[in-house]
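A.B. asks: build the 3D model from these lines:
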Amino acid sequence: MRRPLSVSALCLATLGTAPAPATPADCSEDAMLVFDGSGSMSEIGFDATAATRIEEARIAVARAIPDVAPFRRMGLVVYGAGAEACAIDLRFGPRAAAGAAIVSAVDALEPGGLTPLAGAVQLAAEALSYRDRPGVIVVVTDGNETCGGRPCALGSALAAEAGALTIHVIGFRVEVDFWTWDNPEQESYSNDRSVARCLAERTGGLFVTTETVDELVEALQATLGCPVIGQTPARRKTPPA
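C.D. replies: Alright, predicted model coming up:
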């Protein structure tokens with residue numbers, strides 16, 4: 001089983017080079033950013049003066065997304081924010097010059113709910129018309145599925161149905177989830193901090209762990225930028241059940 005990549009390992013995969021500038025030809029596939037709006041993104045840790053995850057994530061998005069937006073059509077799904085605990089919100093589907101809209105939406109986000117990872121990724125895939133055309137989904141999450149969904153089963157299903165859909169998962173300051181009653185697949189990923197890793201594994205994507213703003217910026221550039229940094233594994237003809 002592949003271990004999650006740190007940002008430093010991701011950079012090593014590029015032979016130590018920085019992300020290449022995006023070009024229109026490299027960014028022909030539409031992309032969806034699936035962003036974490038769950039309550040844990042605004043939690044205060046032991047150091048009450050330290051920035052929360054959402055504060056740092058806003059900075060990273062503002063730095064990374066504008067560099068990609070001129071070259072790739074992008075859309076946005078936000079999950080966990082809003083009055084409902086397992087809310088999922090398709091802000092907009094893939095469109096040109098979406099950088100300002102993505103940055104504005106993330107900047108205004110008020111985290112508060114749970115983490116419906118599987119449902120959010122399914123909605124993003126539908127927005128990409130994944131059965132008919134290639135696409136890229138980049139998931140930013142600080143934790144595990146907490147709304148009863150099954151990300152691993154979804155990853156297998158999407159890989160089987162899609163012509164060419166790749167899901168990259170960026171774990172941002174992820175905490176271990178010791179409670180699995182609302183995360184039925186977590187027991188099989190007991191050594192990992194997030195079951196979301198299997199979404200990447202089963203669609204040929206990358207799973208990257210990040211702890212700082214700079215690392216999150218690098219990961220967003222690497223997965224949304226063009227081309228994707230590093231080598232993704234070949235797709236399996238028959239995804240695991």
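A.B. asks: how many residues are close by the closest residue to Glu211 other than its chain neighbours?
C.D. replies: Excluding its sequence neighbours, the residue lying closest to Glu211 (C-beta to C-beta, 6 or more residues apart in numbering) is Arg173, at 5.7 Å. Where you see a C-beta, it was placed from the backbone N, CA and C, and this is true even at glycine. Each residue near Arg173 was counted by other C-beta atoms under 10 Å, and the total is 21.
A.B. asks: check for me that Val140 belongs to a strand.
C.D. replies: Yes - under DSSP: H, G, I helix; E, B strand; the rest coil, Val140 falls within a strand.
A.B. asks: alpha carbons of the top helix by length along the chain, in PDB - could you do that?
C.D. replies: Using DSSP state H to define each element, the chain has its longest helix at helix 53-68. What follows is helix 53-68, C-alpha atoms only, in PDB (Å, rounded to 0.1, in the frame of the first residue of the first chain):
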ATOM      1  CA  ARG A  53      -6.800  25.900   9.700                       C
ATOM      2  CA  ILE A  54      -9.400  28.000   7.800                       C
ATOM      3  CA  GLU A  55      -7.300  31.200   8.300                       C
ATOM      4  CA  GLU A  56      -4.200  29.500   6.900                       C
ATOM      5  CA  ALA A  57      -6.100  27.800   4.100                       C
ATOM      6  CA  ARG A  58      -7.600  31.100   2.900                       C
ATOM      7  CA  ILE A  59      -4.000  32.500   2.600                       C
ATOM      8  CA  ALA A  60      -2.900  29.400   0.600                       C
ATOM      9  CA  VAL A  61      -5.900  29.500  -1.700                       C
ATOM     10  CA  ALA A  62      -5.300  33.200  -2.400                       C
ATOM     11  CA  ARG A  63      -1.700  32.500  -3.300                       C
ATOM     12  CA  ALA A  64      -2.100  29.400  -5.400                       C
ATOM     13  CA  ILE A  65      -5.400  29.600  -7.300                       C
ATOM     14  CA  PRO A  66      -4.800  32.900  -9.200                       C
ATOM     15  CA  ASP A  67      -1.800  31.400 -10.900                       C
ATOM     16  CA  VAL A  68      -3.800  28.400 -12.200                       C
END
